[in-house]
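1. build me a model:
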Amino acid sequence: MITILIIIITAIVSISCFSRPDRARRLLFNAWDTWHGGRWYRMLSYGLVHGGWGHLIFNMLTLFFFGTVVEKYFIMLWGAVGGAGLYLLFYVSALAVSTVLDLVKHKDNPQYNAVGASGAISAVLFASILFEPKMGIYIYLIPIPVPGYIFAPLYLLYCWWMAKRGQDNIGHTAHFTGAVYGLLFPLLIRPQTFLDFLSRMGLM
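-> The predicted model follows:
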């Protein structure tokens, strides 16, 4: 499966960067170097680098659980080859799209760096909610799963608020942008997806 392949490649590169900071620096997203240095590959390669074992494991577990759902639907709708290719395009493009706002905002700040596939994984998570809106999602310290259609607006509000505050070292803007892209991509390539969503919500 494409999801497993992405996880394997990401894990190999990330782990190799743990002991090679120079390699990580060449791959991470630096807004200034991307914009002024023309190293646009950084808008993709940063997703292969993570800040540590915890960061890597959490992201890859999340991708595994929700990526397999989205990949299944893509293959069901567009066939084995077409669906897999479209899913890969979705994930890779989500890596780039989720950095756009940070790129524009921090393009003149040489100190701004970002690593991790969280933006793309947010896109995958929200696409899975679009396909299965009543799917249960566990949140920290809450022992029962929260339905996706409730989790989604709460997550967007949280990301927006935290990005506005800007008091930690987490890419909340990338998470927000990726999540919105995760809703838009399936809807743009197949508008019927919205009617399917309403049907699964019991609104049609």
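2. and the residue most central in space within the chain, which of the three is it?
-> Centroid-nearest residue in the chain, with Cα atoms, centre = their mean: Ala120, separated by 1.8 Å. Secondary structure state of Ala120, per DSSP: H, G, I helix; E, B strand; the rest coil, is helix.
3. just checking, it touches Leu48?
-> No - when contacts are counted by Cβ atoms under 8 Å, Ala120 is not listed as touching Leu48 (10.8 Å). Just so you know, the C-beta spots here come from the backbone N, C-alpha and C atoms, and that holds for glycine as well.
4. pretty sure Gly51 is in a strand, no?
-> No - with the criterion set as three-state DSSP, the secondary structure at Gly51 is coil rather than a strand.
5. got a list of what it touches?
-> Val115, Gly116 (Cβ atoms under 8 Å, 6 or more residues apart in numbering).
6. phi, psi of it?
-> Listed backbone geometry of Gly51 is phi -80, psi -10, with angles given as degrees, to the nearest 10.
7. what residues are up against Leu77?
-> Neighbour list for Leu77: Gly83, Arg190 [criterion: Cβ under 8 Å, 6+ apart].
8. check which helix or strand covers it.
-> In this assignment (DSSP states H and E), Leu77 forms part of helix 53-78.
9. and the average pLDDT for that helix is what?
-> Averaging the model's pLDDT scores along helix 53-78 yields 95.
10. what is the burial count for Asn109?
-> Under the neighbour criterion other Cβ atoms under 10 Å, Asn109 is assigned a count of 12.
11. contacts for the very next helix or strand once past the helix holding Leu77 next, please.
-> Helices and strands here follow DSSP H and E; after helix 53-78, the next one along the chain is helix 80-97. Contacts of helix 80-97 with the rest of the structure, by Cβ under 8 Å, 6+ apart, involve 1-3, 6, 43-44, 46-47, 67, 70-71, 74-78, 117, 119-120, 123-124, 127, 177-178, 181-182, 185, 189.
12. can you map out the strands along this protein?
-> Taking DSSP state E as the test, the strands found in the chain are 29-30, 113-114, 136-137, 146-147.
13. so which of those comes closest to Ile12?
-> With Cβ to Cβ as the measure, strand 29-30 is the member of the strands of the chain nearest Ile12 (19.2 Å).
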